[in-house]
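Novice: One predicted model, sequence on top.
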Amino acid sequence: MMHRFIVLSLGIAFAATAQAADKPAATTAPKVDAAKGQQVAAQICAACHNPDGNSALAANPKLAGQHADYLYKQLKNFKADGAKPAERNSPVMGGMVAALSDQDMKNVAAWYAGQTQKGEVAKNQALEAGQKLYRAGNAGKGLPACAACHGPAGAGIPAQYPRIGGQFAEYTEMQLKAFRSGERANDPNRMMRAVADKMSDAEIKAVSDYIAGLR
C-alpha cells in the first residue's frame, strides 16, 4: 500500500511539473523610463518644445506638466499605422514620431509629464466673458462649462481630460477651431467637436485667453 502511495504521489508531482513546463513564461512589460524619455526628447522634441517642455513659440504647445496618458495618446495619434493614416494629421509631428517605438513614446510622455509648466498670462480685455464661458458655459447654446471636464484651474483629469491651464492662448484657440472645422478629429466620442461646434470665434478667443491665465 505504501509503495502504491509513493508511486501515485510521484506521478502527480511529475504531471504538475510537466504542466508548469508547458506554460509559457510570464512576460513583464518594460517599465516606463523618464530618463530615457529625456534622451529622446533632447534629440527629437527639444527643438520645438524645449528640453523641459516649456515651448517658446505659441505654435508649439507647452508639454511640461501635461498628463502622461494624454501625451502618449497624442504621440500615437500622430503616427501612421502602415497604410492606415494617422488619427491626428500633422506632417511635422508625423515625421517626428515615425521612428519612435511605443516604449519611446511612453518614456517621452513620462519625461514631459514630470516637468514644471511655466504658464502663460491672460491678455484679452474680454477676460470676464472668457471666465463666464469657462466656469458656466452658455446654457442658451447648450454649451457646457469647460471646468466640468478640465477642472476649475484647468488641471484636467489624468487619463481622461488634458491639462489646459497655462497653455498658449493662440494654441488653444487654434485647436478649438480645428475641432470645430473637423480638421482635428481624434477626440473620443466627438466630445470636443460637439463643444467647439457651438462656439463663435469671439467665444473661442475669449475662453482661450482666460485658460492661458489659469493655474
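Specialist: Received it, and whenever you're ready, just let me know what you need.
Novice: C-alpha only now, for contacts and for neighbours.
Specialist: Noted.
Novice: The residue nearest to Ala196 when sequence neighbours are not counted: how many residues sit nearby?
Specialist: Residue nearest to Ala196 in three dimensions, not counting chain neighbours: Arg180, with 4.8 Å by CA to CA, 6 or more residues apart in numbering. As a burial measure, Arg180 scores 20 neighbours (other CA atoms under 10 Å).
Novice: what helix or strand does Arg180 sit in?
Specialist: helix 169-181 (DSSP states H and E).
Novice: For that helix, name the packing helices and strands.
Specialist: helix 191-196, helix 201-212 (3 or more CA pairs under 8 Å, 6 or more residues apart in numbering; DSSP states H and E).
Novice: Could you say which helix or strand holds the one residue sitting closest to the centre of the chain?
Specialist: Among the residues of the chain, the one closest to the centroid is Tyr70, at 1.3 Å (CA atoms, centre = their mean). In the assignment (DSSP H and E), Tyr70 maps to helix 68-78.
Novice: neighbouring contacts of that helix?
Specialist: 63, 86-90, 93-94, 97, 102, 105-106, 108-110, 112-113, 158-162, 186 (CA atoms under 8 Å, 6 or more residues apart in numbering).
Novice: Could you tell me which residues make contact with His67?
Specialist: Going by CA under 8 Å, 6+ apart, His67 touches Ala109, Ala113, Pro158, Ala159, Pro162, Arg163.
Novice: give me that answer again for 6 Å
Specialist: Going by CA atoms under 6 Å, 6 or more residues apart in numbering, His67 touches Ala113, Pro158.
Novice: just Gly94 next, same as before
Specialist: Phe78, Lys79.
Novice: how much space between it and Arg184?
Specialist: Between Gly94 and Arg184 the computed distance is 14 Å (CA to CA, to the nearest Å).
Novice: Check Ala64 too.
Specialist: In terms of CA to CA, Ala64 sits 22 Å off from Arg184.
Novice: ok, those two, which is more surrounded?
Specialist: Ala64 (26 against 18).
Novice: Who are the contact partners of the more buried one?
Specialist: Contacts of Ala64 (CA under 6 Å, 6+ apart): Gly53, Asn54, Tyr112, Ala113, Gln115, Thr116, Gln117.
Novice: Max pairwise distance over those residues: which two?
Specialist: Comparing every pair within these by CA to CA identifies Asn54 and Ala113 as the most remote, at 11.4 Å.
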